[in-house]
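**Q** Here is the input, now give the coordinates:
(chains A and B)
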Amino acid sequence: MATETEAASEGGLVFHPLDQFIPKSLFGDGAVHWYTPSNLTLWLAILVLCVIGVFVLGSRGRGIVPSRIQSVGELMYGFVYKMIEDVTGKDAVKYFPYIMTLFVFVLFANYLALLPMSYSPTSMIAITAVLGFGVFIAITVLGFVKHGAAFLGLFWMKDAPGFLRPIIAIIEVISYFVRPVSLSIRLAGNITAGHVVIKVFAGFAALTLASPAAILGIVAIYGLEILVAGIQAYVFTILTCVYLKDALHPAH
Amino acid sequence: MATETHETVASACLDSHGGAIGMPQLCGEWIPHQIFWLLVALAATFFVMSRIALPRIAAVLAERSGTITNDLAAAEELKNKASEAEAAYDKALVDARAQAQQIVAEAKAEIQAELDAELAKADEQIAAKTAESEAAIAEIRDGAVKSVTDVAKATTKELVAAMGGKADAKTITAAVTARMKG
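**A** Residues are numbered from 1 along each chain as shown, chains lettered A, B, ... in the order given. Below you'll find the predicted structure:
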């Protein structure tokens, strides 16, 4: 509200591409505390409802011949299941619910964020960092629980020449600890960038001359974002599978 | 509304107009909020997926593959039954044909036997009739020859007598018999 009146009074181009990421309290205008139900809460709730709609209500009929929504759920189920089997191995199937939850959460958050007026949880670095570091910590703990100190063999290349091994070990350790950072920044960065670009184009649409190009630009970027939303969910999931493979089979 | 917002802005990350200062994502004040609601949503999603959705979909998929396997097996069985039935049909056909041939052969043999018997009987009758006829013919011929001989003898005797000769019966008989043979 405030920005719009401001823009009207100034009468010029106004860009507030980052304002869409401000959490706003749902009830009243007060400060957003950790427990305050905000637009983030609203869209996370919508996300959970969509998950329930697709996976629970959709498969309600338990049809041998699936209904449309049921077959969408089954498609995602088969997609992630096969990914785990192919990338991580058959022994990782018991972690399927966790990975499926990650995939569905990121995918639905990405796609719901593409609705106009919506709020995008996966553009929050804090949220993707929790996901990324959660995966990282869980996988590291799992590796040590499964293999004990032998898990450190992940960093010690037995195939490399002797004098190179310590150097490679240092690089491996660094790359290992960069994993959660890259995982979370990749997701948040992609989603944030797409939304900001759309907002910037939308700002240009206020100019009569530039508006056709701006609207075309929005359409094009929106199409790209639809791709990015799916691809980022896929990348997040498959990298989780790859990291999980390291924890389960640390020997290269 | 706008002025109200101005007054109630209660964040270090918002300017006086309610716009963002820097990236809202990096505002430390809101991070606990985001993490808290993320954990709530993740827990809800995980609960829904692991307790309800995934077992249900797994069951449906298993049931489907089971049904498909069963149906394929049933189809295979039916196919086998059909080919068995076909084989039985073929066999029945071959049997029937063989039986028909046998019956035909039997009938033929019977007819042949009957025919042979009838033929033999007929031959016999014909032979009998022939023999009878031959006997009759022989008798007639004999009779005729005798008559001719008698006539010839008498004629010869008369001729000889008419020519003034006197012939004894023995000579005439011999002469006539010799002529008759020629």
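
**Q** Can you confirm whether the biggest helix by length in chain B lies near chain A?
**A** Using DSSP state H, we find that the single longest helix of chain B is helix B:54-162. Yes - residues of helix B:54-162 contacting chain A under C-beta under 8 Å from any C-beta of the partner chain: B:L54, B:R56, B:I57, B:A58, B:A59, B:V60, B:L61, B:E63, B:R64, B:T67. Heads up, the C-betas are built off the backbone N, CA and C, glycines and all.

**Q** moving C-terminal of that helix, what's the next helix or strand?
**A** Of the helices and strands lying after helix B:54-162 in sequence (DSSP states H and E), the nearest is helix B:169-181.

**Q** buried ones in that next one?
**A** For helix B:169-181, burial by neighbour count (16 or more other C-beta atoms under 10 Å in any protein chain shown) applies to B:I172, B:V176.

**Q** next one: stretch A:229-240
**A** For stretch A:229-240, a neighbour-count test (16+ other C-beta under 10 Å) marks A:A229, A:Q232, A:A233, A:Y234, A:V235, A:F236, A:T237, A:I238, A:L239, A:T240 as buried.

**Q** Which pair in these has the greatest spatial separation?
**A** Distance extremes for the buried residues of stretch A:229-240: the farthest pair is A:A229 and A:T240 at 17.3 Å, using C-beta to C-beta.

**Q** about what we covered before: can you go through the residues of helix B:54-162 next to chain A and name the buried ones?
**A** For the residues of helix B:54-162 next to chain A, a neighbour count by 16+ other C-beta under 10 Å gives the buried set as B:L54, B:R56, B:I57, B:V60, B:R64.

**Q** Throw those residues into CSV and include pLDDT, thanks.
**A** What follows is these, written out as CSV (pLDDT from 0 to 100):
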residue, pLDDT
B:L54, 91
B:R56, 91
B:I57, 91
B:V60, 91
B:R64, 90
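
**Q** Centre-most residue in chain B?
**A** The C-alpha lying nearest the average C-alpha coordinate of chain B belongs to B:D90 (C-alpha atoms, centre = their mean; 4.2 Å).

**Q** Okay, that residue and A:T237: tell me how far apart.
**A** 59 Å (C-beta to C-beta, to the nearest Å).

**Q** With A:F103 instead?
**A** Computed as C-beta to C-beta, the A:F103 to A:T237 distance reads 4 Å.

**Q** got it, and A:G153?
**A** 26 Å.

**Q** Residue numbers of the stretch 51-200 of chain A in contact with chain B?
**A** A:51-52, A:55-56, A:59, A:62-64, A:66, A:70, A:73-74, A:77-78, A:96-98, A:100-101, A:104-105, A:121, A:123-127, A:130-131, A:188, A:192.

**Q** among the residues you listed, which ones are buried?
**A** Going by neighbour count (16+ other C-beta under 10 Å), those have A:51-52, A:55-56, A:59, A:66, A:70, A:73-74, A:77, A:96-98, A:100-101, A:104-105, A:121, A:123-127, A:130-131, A:188, A:192 buried.

**Q** how many neighbours does B:V148 have?
**A** Look at B:V148: counted by other C-beta atoms under 10 Å in any protein chain shown, it has 12 neighbours.

**Q** Same check on B:A87?
**A** Once other C-beta under 10 Å is used to define contacts, B:A87 is seen to have 10 neighbours.

**Q** ok, it - contacts?
**A** For B:A87, the contact set (C-beta atoms under 8 Å, 6 or more residues apart in numbering or on different chains) is empty.

**Q** got a pLDDT number for it?
**A** Turning to B:A87, the model gives it a pLDDT of 95.

**Q** try the one 3 residues further on
**A** The per-residue pLDDT reported for B:D90 equals 95.

**Q** Ramachandran angles for the spatially most distant residue from the centre of chain B?
**A** Distance from the C-alpha centroid of chain B, by C-alpha atoms, centre = their mean, peaks at B:G164 (102.5 Å). In terms of degrees, to the nearest 10, the main-chain angles of B:G164 are phi 90, psi 0.

**Q** How about the contacts made by it?
**A** Counting by C-beta under 8 Å, 6+ apart, B:G164 has no contacts.

**Q** Low-confidence stretches in chain B?
**A** For chain B, residues meeting the criterion pLDDT under 70 lie at B:1-10, B:182.

**Q** Not counting its neighbours along the chain, what's nearest residue 160?
**A** The chain I'm using is chain A. In this structure, A:A160 finds its nearest non-sequential neighbour in A:I168, 5.4 Å apart by C-beta to C-beta, 6 or more residues apart in numbering or on different chains.

**Q** looking at chain B here, not the other one
**A** Take B:V160 and drop its neighbours on the chain: the residue closest to it by C-beta to C-beta, 6+ apart is B:A167, 4.3 Å away.

**Q** Now the one you found, what are its backbone angles?
**A** According to degrees, to the nearest 10, B:A167 has phi -110, psi 140.

**Q** Could you measure from it over to chain A?
**A** According to C-beta to the nearest C-beta, to the nearest Å, B:A167 stands 136 Å off from chain A.
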